[in-house]
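[1] curious how this folds, go ahead:
(one chain, ligands or ions: 1)
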Amino acid sequence: MATLLLIIIFMITFIFYKNFDKKRKNNYPPGPINLPFIGGLYKLKLGKQHLSLDELYQKYGKVFSIKFGSYDTVILNEPDVIIEAFHLNSTSFMDRMILPSFKIVGKNQNIGFTQTEYWKKIRGILNVSLTKSKTRLLENLFNQEYLRFDQFIKKQLKSKNDSMFIRPYLKRLSFNIIFSYLFNETIPYEDELIPKDILDFIHASEELLVVLSQMPSDYIKVLRPFESHKKLNEICDRMSKFIKPKVDKRVENLDEETPKCFIDYLILQIRSEPSQVIKIEAIQYICIDLLVGGTDSTSSALEWMILFLSNHDSLQEKLYSEICKNTIGADDIFPKLIEKNNYPFFNACVKETLRKSPPVPLGLPHKCSEDAEIGGYIIPKGTQIISNLYSASNCEKVFTDPHEFNPLRFIDISNINNNNILSFSIGPRICPGKNLSEDELFSFGTKLFKTFKFSRPNKNQLYDEVAVLGITLEPKPFITKVSLR
Ligand code: HEM
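    Numbers count the residues shown, from 1 in each chain. Here you go, the predicted structure:
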């Protein structure tokens, strides 16, 4: 028995090194030793995967390889190689790596977890619907939602509750934008007033991201026979139970002449699509894409901005002066989206926040659809590609003192690397919510910092700026002291 075991171990090791050597000779990118079954996953620390990959980047360079379980994976770590792959060679790199759990979530019908012709069609429909609905709805929607948020925070301040964990309220603000954008509905800020079915949907969407990020059988194929996906299926059912009736209602009551929300535009766009490849049924999966993709990412950026500007009080004052200078008059005059260019310092703060703490630090996995060459290395067809946006935007070759929060780096026009911010990725697969999210950050950020001052309860202690990878790249939970300007 022991001999048999030894022979098996020897054979596995032999096959593994044979493959390893063959690839190296073919100019495959370098990387750490991969073990049988788990590959190089032992190198990634849970909750700190971005930091583990950053360490490997420092050791192996801007293009390195590692196996995620059975999947050959290449990690791109600097802006130039990400641009080279996703933008300059986009036809070879636009496909998504579809893992087993992605199929359960997207049912081969959503945006994030589909590819080739279906994805091109659905992404086209999404882009048109976003543009058509956006111009009519956005600014009003932001103003109304901010007002509700503002009233809630002021109520907290009146009840002498000026030190708060602001994350849940920022999440609700961001959720409400997508929710009303999709369905013309919003939820209250008070926990006890939120209807149970919506609360359950929110919890399910948070659980979804956690479960997806911790699904070993996605990569380790030998575990698949033992994986029932019970939890994932249950989460998807809970989400669908909430979304589907809402979509059905909009389909039934649609007034084609006066579409009222994004879903109405989406229905019209799908109906007008001559090939009829996309079915109305796909709308519920698109909604889940947008609600899940659009809530925590944007709220995490706002939360980071509050944290950084509380650690850098003088920058917060500079920001406040810029907003006041541009909105002289009444207290309740707020910047409009078309005036964005009048706020160079504010825009620089947003860019710097997204640079230093990209909310989706490792993007979503792509797949190389044909043999290609990136950064001088050969990447074989079928390889999984991860864009390490965290390392790319904290890269010393591109940004001086990258770990310092310094918005001024984006004001200095002599800095030729100003545009290398890839937090939303790049190429055809670029985040479709980029414009919406940037508008949201401008609209809410300027209003928030005009109305409130954020500070640290303990003046002698700075907030920890090291990020943890939870649902998004989040700060460690912190209490902020809020006062009225
Ligand atoms: C600060 C906010 C946000 C950041 C940093 C962010 C970042 C990203 C990144 C890095 C990707 C992966 C792109 C790739 O595969 O190369 C992505 C994809 C995606 N994002 Fe966002 N996102 C944000 C907000 C939003 C919003 C507001 C929405 C919805 C309205 C959204 C919906 C999506 C969807 C549906 C995808 C999948 C796209 C596809 O596969 O074609 N995101 N996002």
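
[2] quick one: contacts for the residue of the chain found nearest the ligand?
    Proximity of the chain to the ligand (CB to the nearest ligand atom) peaks at G433, 2.2 Å away. Just so you know, the C-beta spots here come from the backbone N, C-alpha and C atoms, and that holds for glycine as well. Residues in contact with G433 (CB atoms under 8 Å, 6 or more residues apart in numbering) are 290, 293-294, 297-298, 424.

[3] which one among those residues gets closest to N458?
    T298 (28.1 Å; CB to CB).

[4] name the element the closest one belongs to?
    helix 282-311 (DSSP states H and E).

[5] near the ligand at all, that helix?
    Yes: applying CB under 6 Å from any ligand atom, one finds helix 282-311 in contact with the ligand at 289-290, 293-294, 297-298, 301.

[6] could you dump the helix or strand following that helix to CSV, C-alpha only?
    Downstream of helix 282-311, the first helix or strand assigned by DSSP H and E is helix 313-326. What follows is helix 313-326, C-alpha atoms only, in CSV (Å, rounded to 0.1, in the frame of the first residue of the first chain):
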residue,chain,number,x,y,z
ASP,A,313,-7.7,67.4,7.6
SER,A,314,-6.1,70.2,5.5
LEU,A,315,-7.1,68.4,2.3
GLN,A,316,-10.7,68.2,3.5
GLU,A,317,-10.6,72.0,4.2
LYS,A,318,-9.2,72.6,0.7
LEU,A,319,-12.0,70.5,-0.8
TYR,A,320,-14.6,72.4,1.3
SER,A,321,-13.3,75.7,0.1
GLU,A,322,-13.4,74.6,-3.6
ILE,A,323,-17.1,73.5,-3.2
CYS,A,324,-18.1,76.7,-1.3
LYS,A,325,-16.3,79.0,-3.9
ASN,A,326,-18.3,77.4,-6.7
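
[7] what sits up against helix 313-326?
    By CB under 8 Å, 6+ apart, helix 313-326 touches 308-310, 335, 339, 342-346, 349, 405, 407, 446, 449-450, 453-455, 485.

[8] so it versus helix 282-311, what angle?
    Between helix 313-326 and helix 282-311, the angle comes out at 110 degrees (axes from the mean of the first three to the mean of the last three CA atoms, to 10 degrees).

[9] who wins for neighbours among the contacts of G433?
    Within those, most neighbours by other CB atoms under 10 Å means T298, with 26 neighbours.

[10] find me the pLDDT at that residue, would you?
    You'll see T298 listed with a pLDDT of 96.

[11] wait, doesn't it sit right on L441?
    Yes: here T298 lies in contact with L441, judged by CB atoms under 8 Å, at a distance of 6.7 Å.

[12] burial of I430, as a residue count?
    Around I430 there are 14 residues (other CB under 10 Å).

[13] would you confirm that it contacts S423?
    No: applying CB under 8 Å as the test, I430 and S423 come out as separate, 10.5 Å apart.

[14] so how far is G427 from K351?
    Distance, K351 to G427, by CB to CB, to the nearest Å: 20 Å.

[15] one more: F262?
    Counting by CB to CB, the gap from F262 to G427 is 24 Å.

[16] can you tell me, leaving aside adjacent residues, what's nearest to I83?
    Nearest non-adjacent residue to I83, counting by CB to CB, 6 or more residues apart in numbering: I426, 6.0 Å away.

[17] my read: the one you found touches I82, true?
    Yes: using CB under 8 Å, I426 is in contact with I82, at 6.5 Å.

[18] who has more neighbours, these two?
    Neighbours were counted for I426 and for I82 using other CB under 10 Å; I82 has more, 26 against 21.

[19] SS state for that one?
    Secondary structure, DSSP: H, G, I helix; E, B strand; the rest coil: I82 is helix.

[20] so where do the helices sit in the stretch 101-250 of the chain?
    Counting by DSSP state H, counting those that start in this stretch, one finds helices in the stretch 101-250 of the chain at the ranges 116-158, 167-183, 196-213, 216-219, 230-253.

[21] and stretch 304-320, which residues are buried?
    Buried positions in stretch 304-320, judged by neighbour count with 16 or more other CB atoms under 10 Å: 304-312, 315-316, 318-320.

[22] S455 reaches T480, doesn't it?
    Yes: under the criterion of CB under 8 Å, S455 makes contact with T480 at 7.4 Å.

[23] for the residue nearest to R429 when sequence neighbours are not counted, the count of nearby residues, please.
    Closest residue to R429 apart from its sequence neighbours, by CB to CB, 6+ apart: M94 at 5.3 Å. Applying other CB under 10 Å, we find 20 residues neighbouring M94.

[24] same thing with K476?
    Neighbours of K476 (other CB under 10 Å): 12.

[25] so who does K45 touch?
    By CB under 8 Å, 6+ apart, the contact set of K45 is 51-52.

[26] what about 10 Å?
    51-52, 55, 469 (CB atoms under 10 Å, 6 or more residues apart in numbering).

[27] from the residues you listed, which ones fall inside strands?
    L469 (DSSP state E).

[28] which stretches of this protein have low pLDDT?
    1-25, 135-137, 330-332, 413-420 (pLDDT under 70).

[29] alongside the ligand, which residues does it contribute?
    So far as CB under 6 Å from any ligand atom goes, the chain lies against the ligand at 96, 111-112, 123, 178, 289-290, 293-294, 297-298, 301, 359-360, 363-364, 423-425, 429, 431-433, 436-437.

[30] which residues in the stretch 351-485 of the chain form strands?
    366-367, 372-374, 377-379, 384-387, 452-455, 467-469, 473-475, 480-484 (DSSP state E, counting those that start in this stretch).

[31] helix/strand/coil for S65?
    strand.

[32] neighbours around it, how many?
    S65 has 24 nearby residues by other CB under 10 Å.

[33] tell me what it is bridged to.
    Assessed by DSSP bridges, S65 has beta-bridge partners V74.

[34] which residue lies nearest the spatial centre of this structure?
    Nearest residue to the geometric centre of the chain (CA atoms, centre = their mean): V360, 3.8 Å.

[35] next up, phi/psi of that one, please.
    phi -120, psi 80 (degrees, to the nearest 10).

[36] same question, the one 4 residues further on
    Backbone geometry at L364, expressed as degrees, to the nearest 10, gives phi -120, psi 150.

[37] residues near it, how many?
    L364 has 16 nearby residues by other CB under 10 Å.
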